[in-house]
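# Fold the following and give me the result.
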Amino acid sequence: MHIPPINSLFVPGTLLILTAPYLLWKLSKKIGLGLQFLIIALITGILVGPSVLGGQFPQLMTFLFPHGMQGIKFASDIAVIVMGLLAGIHISPDHKGHRDDVIEAEDGVVRSITNGPKLYITSVVTTLAQIVLAFLIAPILIKVAPNVIGQTSALLPYVLAVILPVIALPVLTAALIETGLIHKKVGKVAMQLSMNSEIYLWPALIALTAFAVGTGQTHGVAEHALSIKDLLIQVTAYLALMFIAIRPAIKWISSKNALIANILFIPVLIGSLLATEHLGLHTLLGAVVAGIISPHSLHLRVESKVKYIQFGLTPFFLMGVGLLVKFQLNNPEVIMVSAILVIVTSIVHVLLMSALASRLLQFFNWKGLAIGFLTIMKGMVEIVVSKQLADAGIISPLLSQAVILKAIVQTLIGPPLAKWALNNHAKQKIAFP
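Down below sits the predicted model:
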């Protein structure tokens, strides 16, 4: 990771990044639109960046970023590392979300659904359905949009199998807080389903990246020196060191002295970042692994600072995506790929999730539909993953743009459709108490 001159961060564009999304978010809430902060930050970056205003008025970009975009890219990379660390903490076995939350079912009988096997069955079935869908839809996309898929067509089914099952935990949490569903049964189940999807996502992403790098299927980036055999040996050694040696040591130290454990975790995090960068797997994955093995005492500190991270580093990443990537919004193939992915994956996911929620989790009719709508939200996680796959040369920049547009649309439509379903549920209860 290249560290730019410090003056490249103290520019008018930095002030815009830190203030514009927050002000627009507050305005959105005031006028009743209720748009997600993360989506507003991304759309603001697209509008200001080379895709819209920056393309029409290059002098605007020069004024906002007189020293170039190195500083913004560096801040964006730091934001990605922090997001990866948060994702790792959320899926860590020591995280509180994997140990609590007993919720009440419709019939008044208290059941421990959140950690129950039925919820994991629901996650496995929906994930497998999206993986099957990925292999069915990939040939269609290759045929109708060859320019978007580019040279990565051989890996496309596997890429989609990693991306499609994603449920965005950060943006889902924000949406549940804003809609008041965070402490409701529907909200708790949606959050646990999202955590389960991340348990699948990160190992799958590591495997895909390692395979693509090891077999030389990364286009537009430097070829990796290691063979697939050597890379797998080194990745296995890295994961074994982190999980078999370092994690138990950190856990033991944390039980004796939490402060020392937190301090010792810093070099562990840096080492994990350097190891994954050396292996060609991207620092994002190093941050995720470090988050998984992090001490429980650190979880509590990080959880209390999440809102500051959301309004601090997150805009640098999301606006950075819009500022650094020139979206081809007038490219019909990009729009077509995005539309196909939105329509097909949303319909399949909502129908299957609502059926499973009704059959296994006792969320009948409209409530089951609300679970389906909440869990189509892709948000920041899918954006981060697609951008990193594009940076690694595993997917084309155009396909990354299509996936990002898909994430925006599904994140925008998820909360209002869920509220609509829950309103119908409430009306049904009044009509038929």
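
# Helices of the stretch 51-200 of the chain, start to end?
Shown for the stretch 51-200 of the chain, the helices assigned by DSSP state H, counting those that start in this stretch span residues 53-56, 58-64, 70-91, 117-144, 146-149, 156-163, 169-179, 185-214.

# If you count neighbours, what's buried in the helix or strand harbouring A240?
Using DSSP states H and E, A240 sits in helix 228-240. Of all the residues in helix 228-240, those buried under the rule 16 or more other CB atoms under 10 Å are 231, 234-235, 238. C-beta: built from backbone N, CA, C; applies to glycine.

# Flag every buried residue along the helix or strand just after it.
Per DSSP H and E, the first helix or strand lying C-terminal to helix 228-240 is helix 247-256. Neighbour-count burial for helix 247-256, counted by 16+ other CB under 10 Å, picks out 247, 250, 253-254.

# Would you check how far apart the residue lying closest to Y120 once chain neighbours are set aside and T44 are?
Nearest non-adjacent residue to Y120, counting by CB to CB, 6 or more residues apart in numbering: N196, 6.4 Å away. For N196, the distance to T44 (CB to CB, to the nearest Å) stands at 32 Å.

# tell me the angle the helix or strand hosting V342 makes with helix 156-163.
For V342, the host element (DSSP H and E) is helix 332-360. Angle, helix 332-360 to helix 156-163, by axes from the mean of the first three to the mean of the last three CA atoms, to 10 degrees: 50 degrees.

# which helices and strands sit right next to helix 332-360?
Packed against helix 332-360 by the contact rule (3 or more CB pairs under 8 Å, 6 or more residues apart in numbering; DSSP states H and E) you find helix 117-144, helix 146-149, helix 365-374, helix 397-431.

# residues of that helix that come out buried?
333-335, 337-338, 340-342, 345-346, 348-350, 352-354, 356-358, 360.

# returning to what we had before: count of neighbours near the residue nearest to Y120?
21 (other CB atoms under 10 Å).

# Pull up the per-residue confidence for it.
Per-residue pLDDT puts N196 at 78.

# Run through who's touching stretch 382-393.
42, 80, 83-84, 159, 162-163, 166, 168, 201, 205, 208-209, 212-213, 218-221, 280, 282, 284, 317-318, 321, 325, 395-397, 399-400, 403-404, 406-407 (CB atoms under 8 Å, 6 or more residues apart in numbering).

# Does V80 touch T283 like I think?
Yes - using CB atoms under 8 Å, V80 is in contact with T283, at 7.4 Å.

# and the closest residue to I140 other than its chain neighbours, what does it touch?
Closest residue to I140 apart from its sequence neighbours, by CB to CB, 6+ apart: I340 at 7.2 Å. Taking CB under 8 Å, 6+ apart as the definition of contact, the neighbours of I340 are 137, 140-141, 144.

# Among the residues you listed, which one lies nearest to G414?
Closest approach between the contacts of I340 and G414, by CB to CB: I137, at 20.3 Å.

# quick one: the closest one from L23, how far?
From I137 to L23 the distance is 39 Å (CB to CB).

# Neighbour count: these two, which is higher?
For I137 versus L23, neighbours defined as other CB under 10 Å are more numerous around I137 (21 against 11).

# The more buried one against L160, yeah?
Yes - between I137 and L160 there is a contact under CB under 8 Å: 6.7 Å.

# Going by neighbour count, which of the contacts of stretch 382-393 are buried?
Taking 16+ other CB under 10 Å as the criterion, what is buried in the contacts of stretch 382-393 is 42, 80, 83-84, 159, 162-163, 166, 168, 201, 205, 208-209, 212-213, 218, 280, 282, 284, 317-318, 321, 325, 395-397, 399-400, 403-404, 406-407.

# Phi first, then psi, for A145.
phi -140, psi 60 (degrees, to the nearest 10).

# Please report the distance of the residue nearest to it when sequence neighbours are not counted from L389.
Excluding the flanking residues, the one nearest A145 by CB to CB, 6+ apart is E333, at 4.1 Å. Separation of E333 from L389 (CB to CB): 18 Å.

# same check, this time on K184
Taking CB to CB as the measure, K184 falls 34 Å from L389.

# more crowded one of these two?
Neighbour count, other CB under 10 Å: between K184 and L389, L389 has more, with 26 against 16.

# mind checking pLDDT for the more buried one?
86.

# Check the one 3 residues further on too.
On pLDDT, A392 comes in at 78.

# and it, how many residues sit next to it?
Using other CB under 10 Å, A392 is surrounded by 21 other residues.

# Low-confidence stretches in the stretch 51-200 of the chain?
Applying pLDDT under 70 to the predicted model, the residue ranges of the stretch 51-200 of the chain that meet it are 91, 95-116, 169-171, 173-175, 177-180, 182-183.

# Present the helices of the stretch 51-200 of the chain as JSON lines; the columns should include distance to K378.
Compiled in JSON lines, the helices of the stretch 51-200 of the chain are given as follows (distance: least, CB to CB, whole Å):
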{"stretch": "helix 53-56", "distance to K378": "25"}
{"stretch": "helix 58-64", "distance to K378": "28"}
{"stretch": "helix 70-91", "distance to K378": "14"}
{"stretch": "helix 117-144", "distance to K378": "11"}
{"stretch": "helix 146-149", "distance to K378": "18"}
{"stretch": "helix 156-163", "distance to K378": "8"}
{"stretch": "helix 169-179", "distance to K378": "8"}
{"stretch": "helix 185-214", "distance to K378": "10"}
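
# roughly how far apart are N196 and I121?
The separation that N196 has from I121, given CB to CB, amounts to 10 Å.
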